[in-house]
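**Q** Quick one: sequence plus predicted model below, questions after.
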Amino acid sequence: MASPVSQSDGVFHSVCSLDCPDQCGLLVHKQNGKIVKITGDPEHPVTKGNICNKVRHMTERIYDAKRLTHPLRRVGNKGEGRFAPISWEEAIGEIAERWKKLIAEEGAESILPYSFYGNMGRINTEGMDRRFFHRLGASRLDRTICNSAGNVGYTYTMGGSIGTDPEETIHAKLLIMWGINAVSTNQHQVVLAEQARKNGAQVVAIDVHKNQTGRWADWFIPILPGTDSALALGMMHILFAENLVDEAFLQTYTVGHEALREHVRAYDPATVSSITGVPEQDLYRLARLYGQTTPSFIRIGNGLQHHDNGGMSVRTIACLPALTGQWQYKGGGALKGNSKFLEFNRQALQRPDLLPKQDIRIINMNQLGNALLSLDRPIRSLYVYNSNPAVVAPETNKVIAGLAREDLFTVVHDLFVTETAKYADLVLPATSSFENTDFYTSYWHHYVQIQQPVIEPVGESKSNTEVFRLLAKAMGFTEQALQDSDEELIRQAWEHHQNPGLPDLTYEQLLERQYVKAKRNGRLPVPLPTPSGKIELYSARMEADGLPPLPAYLPPVEESDYPFRFIPGPNHNFLNSTFSNSEKHIRLEKEPKLHIHASDAASLGIVSGDRVKVWNQRGECYLIAAVGENVLPGVLVSQGLWVDSPAGKPFVNALTPDRIADMGGGATFFSGRVAIQKV
Ligand SMILES: Nc1nc2c(c(=O)[nH]1)N[C@H]1C(S)=C(S)[C@@H](COP(=O)(O)OP(=O)(O)OC[C@H]3O[C@@H](n4cnc5c(=O)[nH]c(N)nc54)[C@H](O)[C@@H]3O)O[C@H]1N2
Ligand SMILES: Nc1nc2c(c(=O)[nH]1)N[C@H]1C(S)=C(S)[C@@H](COP(=O)(O)OP(=O)(O)OC[C@H]3O[C@@H](n4cnc5c(=O)[nH]c(N)nc54)[C@H](O)[C@@H]3O)O[C@H]1N2
Ligand code: SF4
Ligand SMILES: [Mo]
């Protein structure tokens, strides 16, 4: 069959490359060699032809006049965004020359890659790049900005990213959306929940903000930020006290249930209510509803783990389904992530054997500002791809001060001149995923998909894999692994992968079948990959790691006396900072709002629509007040990583802490405190 790129007209299978759990199947419509429309693929078993507004408008982004088409060299000051076009030969030549000199003078660890999942394609985000930087011997980046704390927390309990098959959640009778704004961030979970609802299921949302998801739920439970583990422990207290637990399941499939039963006596409803702000009668109602409804499903979101104690919150909530034995029932259980089912051969793809030595320093991406400003052995060159740290990383002012260093040689590879790219010495144009070959594995559903290029690269843009092949050549690296083609990379990722759920997956099958589902070894795949093979309510591994072995409530860090807790989350029409430069998406969002409780607003003389300054010891930003009852008193919530606003600088991460969470080196975006005033 001819490849889509060689056909000027037609409709082609594709996959959404954005960092979104749904990982939708797409259809790309082509006319006269150009993409004219993107729709959902009705044949995708989970997403079934529905896609979000963001991607329905994706054609405009692919052909956006602002899109980069040539490499650029900076001609203005750092941050000014003035550039002149250069050739790829010049760009690659200059990078190689600068890096060779740096390596000779200061060692390869003076170079730092910085990337995340602006594109979820595996070979372009964690394939050829890893091989290249391993071989280079550059400082290593700990990619912790998203879900590290929660993943580690969940793994202590369950052994890995092993959750309910979302397709089965249509059978649940109770669905708890816990710290997830699913209407915006996991819309197909909402579609599945709606199906369950038609069969009589109830939906509960537990959140610090009554947003789209809270309004959709049957019952919205507002909670104070960072107190979720206390709520879960309070539920456990009632479940044990009222004999709403499944003793047989606890005996067979868990360790530590006796110790947990004793331990949760301390979390009595009065104590838990005072910590969480959830009234005692609501706590009883929730615990009884959970204890008396089967199957019940908890969708654990990312928001509740962006706190100092986020790992423990997820670790604790992950224990709940075991108490009532929910893992036995179709649609029961919990889901934080499901990547374990789609594991491929990471070693073969990433080739850690190319590292020149094992003890290369590792830098936590949440502390980029510190890394650029205060390391004894300084970073002299930064290479950014698939990410926009000037907007998405915490402590923006430190990050910007670092990026502004005259002695830092910065290269940014992106589709646009992002805020980060404005500080680059060289900017390289990236292809969109529709111009690439790659494979995609969801972290929510169980399908792997392949993407073949649908159009030729726009302008002179190049994919990440292609740029790293060019850089490897220019550096004089002769390993074949650094010249392997995209197809070879995909083949290697699926050879000897030891994933029993995808026994003999080949490149050809991926092409032919389009949507390949991993098989699960049962609802609760026992033995679990925990040390005991069981669900670990008591975790000896946590104890060895210096953490409380039983679930616990550890209060959030009180970093200052500023009066408000500040939760700056993502919004509906952007994808992190992606689309924040698009007129259409900005229009849909209208303005960067700050949600404040009516009582707080009244005492500060603020009404809806007022421009407010929000500040703390780290910085300031300007937002538009939205007064109401959508947040608890003492809590402020904004949505979206904005880059431009008529209200003034909207960079919320100027206020967020770069403290590291309790587990996994995770981010603590939502554990900061701020003050506000009307301007
Ligand atoms: N439209 C859209 N979709 C996206 C994204 C996007 O930017 N826009 N981003 C993508 C990415 S990278 C990710 S990681 C996911 C994130 O998507 P989600 O998993 O939904 O995570 P967040 O939106 O960060 O936060 C979820 C909710 O947690 C709440 N929250 C904050 N702190 C607490 C707390 O202490 N307790 C409780 N119970 N709730 C709390 C917030 O108010 C928010 O409603 O979405 C992905 N999908
Ligand atoms: N305040 C606050 N900050 C947050 C969050 C929050 O909730 N609140 N969420 C955090 C979370 S969960 C995450 S995951 C991070 C996400 O942070 P990032 O990973 O930085 O995500 P984006 O802002 O979407 O930026 C991705 C960039 O990659 C580029 N890109 C896309 N495809 C390609 C490609 O193929 N090649 C190259 N070279 N570039 C490409 C895009 O154009 C875009 O500029 O943000 C974090 N920051
Ligand atoms: S962003 Fe998410 S919901 Fe939208 S098309 Fe992509 S995968 Fe689907
Ligand atoms: Mo994320």
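**A** Yes, it's here. Ligands and ions are numbered 1, 2, ... in the order given.
**Q** Only C-alpha atoms from now on, for both contacts and neighbour counts.
**A** OK.
**Q** Name the residues of stretch 653-662 that come out as buried.
**A** For stretch 653-662, the neighbour count (16 or more other CA atoms under 10 Å) marks 653, 654, 655, 656, 657, 658, 659, 660, 661, 662 as buried.
**Q** ok, now stretch 630-646?
**A** Buried residues in stretch 630-646 (16+ other CA under 10 Å): 630-633, 635-643, 645.
**Q** got TSV for those residues, with distance to ligand 3 too?
**A** Formatted as TSV, the buried residues of stretch 630-646 follow (distance: CA to the nearest ligand atom, whole Å):
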residue	distance to ligand 3
630	25
631	26
632	29
633	32
635	28
636	26
637	22
638	20
639	16
640	15
641	16
642	18
643	20
645	23
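**Q** Would you reformat these as a markdown table and include secondary structure and pLDDT?
**A** Output for the buried residues of stretch 630-646, formatted as a markdown table (DSSP: H, G, I helix; E, B strand; the rest coil; pLDDT from 0 to 100):
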| residue | secondary structure | pLDDT |
| --- | --- | --- |
| 630 | coil | 97 |
| 631 | strand | 98 |
| 632 | coil | 98 |
| 633 | coil | 98 |
| 635 | strand | 98 |
| 636 | strand | 98 |
| 637 | strand | 98 |
| 638 | strand | 98 |
| 639 | strand | 97 |
| 640 | coil | 97 |
| 641 | coil | 98 |
| 642 | coil | 97 |
| 643 | coil | 96 |
| 645 | coil | 92 |
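**Q** ok, so of these, who is nearest ligand 2?
**A** Ligand 2 lies nearest to residue 641 out of the buried residues of stretch 630-646, by CA to the nearest ligand atom, at 6.5 Å.
**Q** surely that closest one meets residue 393?
**A** No - contact criterion CA atoms under 8 Å: residue 641 and residue 393 do not qualify, at 10.3 Å.
**Q** and residue 253, what does it touch?
**A** 322, 534, 535 (CA atoms under 8 Å, 6 or more residues apart in numbering).
**Q** Would you state the predicted confidence (pLDDT) at the second one?
**A** Looking at residue 534, its pLDDT reads 98.
**Q** Now it: phi and psi?
**A** phi -120, psi 180 (degrees, to the nearest 10).
**Q** Verify the contact between it and residue 525 for me.
**A** No - contact criterion CA under 8 Å: residue 534 and residue 525 do not qualify, at 9.8 Å.
**Q** doesn't residue 177 fall inside a strand?
**A** Yes - according to DSSP: H, G, I helix; E, B strand; the rest coil, residue 177 belongs to a strand.
**Q** Now the closest residue to it other than its chain neighbours: which helix or strand?
**A** Among residues not flanking residue 177 along the chain, residue 205 sits closest, at 4.6 Å (CA to CA, 6 or more residues apart in numbering). Residue 205 is part of strand 202-207, with elements assigned from DSSP states H and E.
**Q** Over to residue 14?
**A** strand 10-15.
**Q** ok, residues contacting that strand?
**A** 4, 23-31, 41, 434, 440, 449-452, 454, 514.
**Q** Kindly report the residues of the stretch 451-600 of the chain close to ligand 3.
**A** Residues of the stretch 451-600 of the chain found near ligand 3 (CA under 6 Å from any ligand atom): none.
**Q** interface residues of the stretch 451-600 of the chain facing ligand 2?
**A** Residues of the stretch 451-600 of the chain lying near ligand 2 (CA under 6 Å from any ligand atom): 464, 568, 569, 570, 575, 576, 577, 578.
**Q** now, which of those lie within helices?
**A** With DSSP state H as the criterion, helices contain residue 464 from among those.
**Q** can you redo the residues of the stretch 451-600 of the chain next to ligand 2 as a markdown table with neighbour count?
**A** Converted to a markdown table, these look like this (neighbours: other CA atoms under 10 Å):
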| residue | neighbour count |
| --- | --- |
| 464 | 25 |
| 568 | 23 |
| 569 | 17 |
| 570 | 19 |
| 575 | 19 |
| 576 | 22 |
| 577 | 22 |
| 578 | 19 |
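**Q** of the residues of the stretch 451-600 of the chain next to ligand 2, closest to residue 510?
**A** residue 464 (21.6 Å; CA to CA).
**Q** and the closest one, how far is that from ligand 3?
**A** 20 Å (CA to the nearest ligand atom, to the nearest Å).
**Q** list the contacts for that residue?
**A** 124, 125, 128, 129, 385, 413, 430.
**Q** So it versus residue 130, what's the distance?
**A** Applying CA to CA, to the nearest Å, the value for residue 464 to residue 130 is 11 Å.
**Q** ditto for residue 394
**A** From residue 394 to residue 130 the distance is 24 Å (CA to CA).
**Q** same check, this time on residue 258
**A** 45 Å.
**Q** who's more crowded, these two?
**A** Neighbours were counted for residue 258 and for residue 130 using other CA atoms under 10 Å; residue 130 has more, 23 against 12.
**Q** In a helix, that one, correct?
**A** Yes - Residue 130 sits within a helix when classified using three-state DSSP.
**Q** which helices and strands does the longest helix along the chain pack with?
**A** For the chain, the helix that runs over the most residues, judged by DSSP H, is helix 88-106. The contact analysis (3 or more CA pairs under 8 Å, 6 or more residues apart in numbering; DSSP states H and E) places helix 88-106 against helix 464-475.
**Q** From the buried residues of stretch 653-662, pick the one nearest residue 357.
**A** For the buried residues of stretch 653-662, the nearest to residue 357 is residue 660 (26.6 Å; CA to CA).
**Q** which residues touch the closest one?
**A** Applying CA under 8 Å, 6+ apart, the residues near residue 660 are 308, 366, 666, 667, 668.
**Q** Mind doing that once more with 10 Å?
**A** If a contact means CA atoms under 10 Å, 6 or more residues apart in numbering, then residue 660 has 144-145, 149, 306-309, 364, 366-367, 666-669 as its contacts.
**Q** Spell out which residues of the protein are next to ligand 1.
**A** Counting by CA under 6 Å from any ligand atom, the chain sits next to ligand 1 at 19-20, 146, 178-182, 184-185, 206-209, 225-226, 228, 301-304, 569-576, 670.
**Q** can you tell me which of the residues you listed are in strands?
**A** Judged by DSSP state E, the residues of the chain next to ligand 1 include 178, 206, 207, 569 as members of strands.
**Q** Please check those and keep the buried ones.
**A** For those, buried by 16+ other CA under 10 Å: 178, 206, 207, 569.
**Q** quick one: whichever residue of the stretch 251-400 of the chain sits closest to ligand 1 and ligand 2, what's the gap?
**A** Going by CA to the nearest ligand atom, ligand 1 is nearest to residue 303 of the stretch 251-400 of the chain, at 3.1 Å. For residue 303, the distance to ligand 2 (CA to the nearest ligand atom) stands at 7 Å.
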